[in-house]
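Student: Structure of the sequence below:
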Amino acid sequence: MPKLLVELLTSPGCRHAKAARTVLLAALDRVAEPVDLSFVEIGDESAAASYDFRGSPTIRVGGHDIEPSGDVPIGLSCRLYRQADGSLGGVPPRAAIDAAIAAWREDQAEAAAAPGGGVAELPARVMRAGFLWASRRRSLERMATSNRLTRSLVQRFVAGSTLEEAARALVALRAKGFATTVDVLGESIDSQEAASAAADAYVETLRTLEAQGLDGNVSLKLTAMGLDLDRESCAANVRRVVEEAKRTGAFVRIDMEDHTRTEATLAIARELHAEYPEVGVVIQSYLRRSPDDVDRLNAEKIRVRLCKGAYDEPASVAFPAKADVDTSYRRLSERLLLEGHYPGLATHDEAIIDHVLAFVERERIGPERFEFQMLYGVRRDLQDRLVAAGWTVRIYVPYGHEWYPYFMRRLAERPANLLFIVRNLVRERRGKVAA
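Tutor: Reported below is the predicted structural model:
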């Protein structure tokens, strides 16, 4: 039986911490499942950013805030909750805790019923919790960033810590016939100054791409631009990047994050696309809402990158079974190929790639109407084969000093990525031996 992971997060001196603990323990007293309960004190803004902490007290069940509050900035301030009588109070209501536990049970039931679910999912849950824990530990970060073996592994998937290093990687990829898009790594933005600095980094990147005659194409996340701090200042930061892209004739892709930010991401993408058509967005095939989103974006002629999705989402909004995610991807890719505006199909799944190639041959869709997209360092053998066959392949190239939290969070979002990485390293080495 899976453990119910529960956390009570508080800031020092929170006057509602004791009452929140009492309410939480009373709720857990009626839970039949084994419970892994932890009490975490968030002592500074850095820790608040690491935990996505939006006020004290906060309760998380199964890794999710019992009352998601994306509009509330990350920080150590007191937090208010809507009580049963409609008033606001500083103690999380018992009903919200009970509802979160019930939702967790529903997710477990759906996962167990899905193909490959149940017991097979247990290792992934344990690994996910471990990677998230590791991503917040500065001591482990220092160890990893100073370890030659760790750095060499990450260098396979991150193009360097500096823009100069990334530019060298981009030149090498161009020489091999690849298109590229650049991601400036940076997460856990906890101030307007940091968000503005992230936008500055993208402006500098676009200027360097222009100066060196490299592919003018970047990908950015709205949380790095301050979405969780203030929606309007975030849009202003992205607009600065888009204005520089307009000056240089570059393209800007707005990456998609977890489902709580989907609506805001699409809204900002639409606003900026109306100002400059070379703005696109990402759609995730595992979200149940994606067919409607694809139809709207196609009608608006907004370029879409289609990926499967890698965040740990509840079954109420995302397909829990891989087979359903893959089916959704195939259907959405066909819709984008027929009705979209130069879509990017982001996948390393050979079965899906074969499906796409058969579909475009049947529909007589040429390579000028779409492109494949893949991550830097992943399935380089497959990337080479597609380019050799005449297809456009764009490589997603991340760089920056913040590689440790980026790398660990990507593993936490889908622990199977670790096995995926190891398997692909082995596959590529076998391919070299055979050649």
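Student: Show me the residue sitting in the middle of this structure in space.
Tutor: Geometric centre of the chain, nearest residue: Glu257, 4.4 Å, by CA atoms, centre = their mean.
Student: Surely that residue is in contact with Met225?
Tutor: No - counting by CB atoms under 8 Å, Glu257 does not reach Met225; the two are 11.4 Å apart. C-beta: built from backbone N, CA, C; applies to glycine.
Student: Quick check: neighbours shared by these two?
Tutor: Common contact partners of Glu257 and Met225 (CB atoms under 8 Å, 6 or more residues apart in numbering): none.
Student: Give me the residue ranges of the protein where confidence is low.
Tutor: For the chain, the stretches with pLDDT under 70 are 1-2, 46, 50, 69-71, 109-154, 187-188, 402-435.
Student: what does the domain assignment say about the chain?
Tutor: 4-105, 139-434 (automatic domain parsing).
Student: where's Leu306, which helix or strand?
Tutor: Using DSSP states H and E, Leu306 sits in strand 304-307.
Student: Tell me the buried residues in whatever helix or strand comes next after that strand?
Tutor: Later in the chain than strand 304-307, the nearest helix or strand by DSSP H and E is helix 322-339. If you call a residue buried by 16 or more other CB atoms under 10 Å, then helix 322-339 has these buried ones: 322, 324-326, 328-330, 332-337.
Student: swap in stretch 286-300?
Tutor: Applying 16+ other CB under 10 Å to stretch 286-300 flags Tyr286, Leu287, Ser290, Asp293, Val294, Leu297, Asn298 as buried.
Student: swap in stretch 198-206?
Tutor: For stretch 198-206, burial by neighbour count (16+ other CB under 10 Å) applies to Ala198, Ala199, Ala201, Tyr202, Val203, Thr205, Leu206.
Student: got the contact list for the third one?
Tutor: Remark: with contacts taken as CB under 8 Å, 6+ apart, Ala201 is in contact with Leu163, Val184, Gly186, Gly400.
Student: Let me have the buried residues of helix 322-339 in TSV, extended by distance to His64.
Tutor: Listed next are those as TSV, based on distance: CB to CB, whole Å:
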residue	distance to His64
Lys322	21
Asp324	21
Val325	20
Asp326	25
Ser328	22
Tyr329	25
Arg330	29
Leu332	26
Ser333	30
Glu334	33
Arg335	31
Leu336	30
Leu337	35
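Student: Pick out the most distant pair among the residues you listed.
Tutor: Lys322 and Leu337 (22.2 Å; CB to CB).
Student: thinking again about what came up before, next step: the buried residues of stretch 286-300 restricted to helices.
Tutor: By the criterion of DSSP state H, membership of the buried residues of stretch 286-300 in helices covers Ser290, Asp293, Val294, Leu297, Asn298.
Student: and which of those residues is nearest Gly309?
Tutor: Ser290 (8.8 Å).
Student: Pretty sure the closest one sits against Ser328.
Tutor: Yes - counting by CB under 8 Å, Ser290 touches Ser328, with 6.7 Å between them.
Student: Which strands or helices does the strand holding Leu306 pack on?
Tutor: Under the contact criterion of 3 or more CB pairs under 8 Å, 6 or more residues apart in numbering; DSSP states H and E, strand 304-307 touches strand 279-284, helix 290-299, helix 322-339, strand 344-346.
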